[in-house]
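In: coordinates for the following, if possible.
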Amino acid sequence: MAWWLGSMKIGVVAEMAVELAAGVFVWDGGGAIVKSRFAAYAATLAGVCGAAGAALAGEPREWQLGLQEPASLTMERIYVFHDFVTIIATVITVFVMILLVIVIFKFNERANPKPTTTTHNMLLEVLWTALPVLMLIVIAVPSFKLLYYADRVEDPDMTLKITGHQWYWSYEYPDYGNFGFDANVVSDEDIAKNPNLKRLLDTDNRVVLPVGKKVQLLMTSDDVLHNWGIPAFGIKLDTVPGKLHETWVQITKPGVYYGFCSELCGANHAYMPVAIEAVSPEDFAIWVKAAQKKYARQDAPVELPVRLAKNNAAD
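Out: Next up, the predicted model:
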């Protein structure tokens, strides 16, 4: 039951509420009053769930059960694999519980005063050895396929380099002039000026990525271990000093998606959010033109004339 509630999406709840409001429960006689009252409750539930789903996409929700709504191809596969493994775990749990109940009530001292003296059963021993192995294989095959799928992508459309610092992130776009910027958590003063900003989730500079494009993500760190994680994308990868980690993402729908540093990295570890704004490729091209001017590198190397030293020995 908990798994079913955890896997149910808010949109599904809203649709169920709308169907109930349409009149699934109908009674004769005075049933019209009960039906209208129920319809009002269901319509209210549908409105609340629908509004919550629209306002809280890509971020944690209060009393949330299950995973966030998938917003990438990788997360969609993770979502399916999660439900698949949960079904297997539920079947195993129910089976073991049934066996325990049978043992408790059928083989207690009162119901079975003379216990059996059986010590071995070839068929039973083969089954309880082979079946767990088969179940592990059934889980391992799609698991490894998912790991390799999420690892890297061939022929990416663009690259985003991510560097972790204590305690902020910096981003570079090497395919578009190698401009870059830092992203720090917004302050309470910024939130007071703009109520749309979310405390401990928004940053002063959001990362902008195009929807439907294969984005290669290269991650490293400038000081200590960090972890760049976006639940809606199915990404959670360590950034290690002196080492370059790679993954990828293809965002499936526009919106703002939030994440955070998931590795203890010092006193201000809780103040390293990640904010991604996914836009259409056309809007991304417009943003890139503006960002190239706004975040132009000031430390670009200066082109100096090269002077060849004279070979005095040849003179």
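
In: for the residue lying closest to Ile251 once chain neighbours are set aside, what are its contacts?
Out: Take Ile251 and drop its neighbours on the chain: the residue closest to it by Cβ to Cβ, 6 or more residues apart in numbering is Ala278, 4.5 Å away. No exception for glycine: its C-beta is placed from N, CA and C like everyone else's. Ala278 sits next to 71, 208-211, 251, 253-257 when contact means Cβ atoms under 8 Å, 6 or more residues apart in numbering.

In: quick one, strands of the stretch 51-200 of the chain?
Out: Under the criterion DSSP state E, counting those that start in this stretch, the stretch 51-200 of the chain contains strands at 158-165, 168-173, 179-183.

In: minimum distance to Met135: which of those strands has it?
Out: Smallest distance to Met135 across the strands of the stretch 51-200 of the chain (Cβ to Cβ): 37.5 Å, for strand 158-165.

In: and the closest one, what does it pack against?
Out: When contacts are defined as 3 or more Cβ pairs under 8 Å, 6 or more residues apart in numbering; DSSP states H and E, strand 158-165 packs onto strand 168-173, strand 207-210, strand 215-221, strand 226-230, strand 235-239.

In: repeat that with 10 Å
Out: Under the contact criterion of 3 or more Cβ pairs under 10 Å, 6 or more residues apart in numbering; DSSP states H and E, strand 158-165 touches strand 168-173, strand 179-183, strand 207-210, strand 215-221, strand 226-230, strand 235-239, strand 245-249.

In: list the contacts of stretch 182-191.
Out: Residues from elsewhere that reach stretch 182-191 (Cβ atoms under 10 Å, 6 or more residues apart in numbering): 162-163, 165, 167-171, 193-194, 197-207, 260, 268, 270-275, 295.

In: tell me the pLDDT of Val224.
Out: Residue-level confidence at Val224 comes out at 94, pLDDT.

In: so who does it touch?
Out: For Val224, the contact set (Cβ under 10 Å, 6+ apart) comprises 164-167, 239-241, 263-266, 269.

In: helix, strand or coil: sort out it for me.
Out: coil (DSSP: H, G, I helix; E, B strand; the rest coil).

In: quick check: domain ranges of the protein?
Out: Listed by automatic domain parsing, the domain ranges of the chain are 2-55, 73-111+125-151, 158-294.

In: nearest to Thr117, out of those?
Out: Per Cβ to Cβ, nearest to Thr117 of the domains of the chain: domain 73-111+125-151, 13.5 Å.

In: straight-line length of the closest one, end to end?
Out: 13 Å (Cα to Cα, to the nearest Å).

In: repeat that for stretch 220-231.
Out: End-to-end for stretch 220-231, by Cα to Cα: 19 Å.

In: swap in stretch 219-238?
Out: For stretch 219-238, the end-to-end distance is 8 Å (Cα to Cα).
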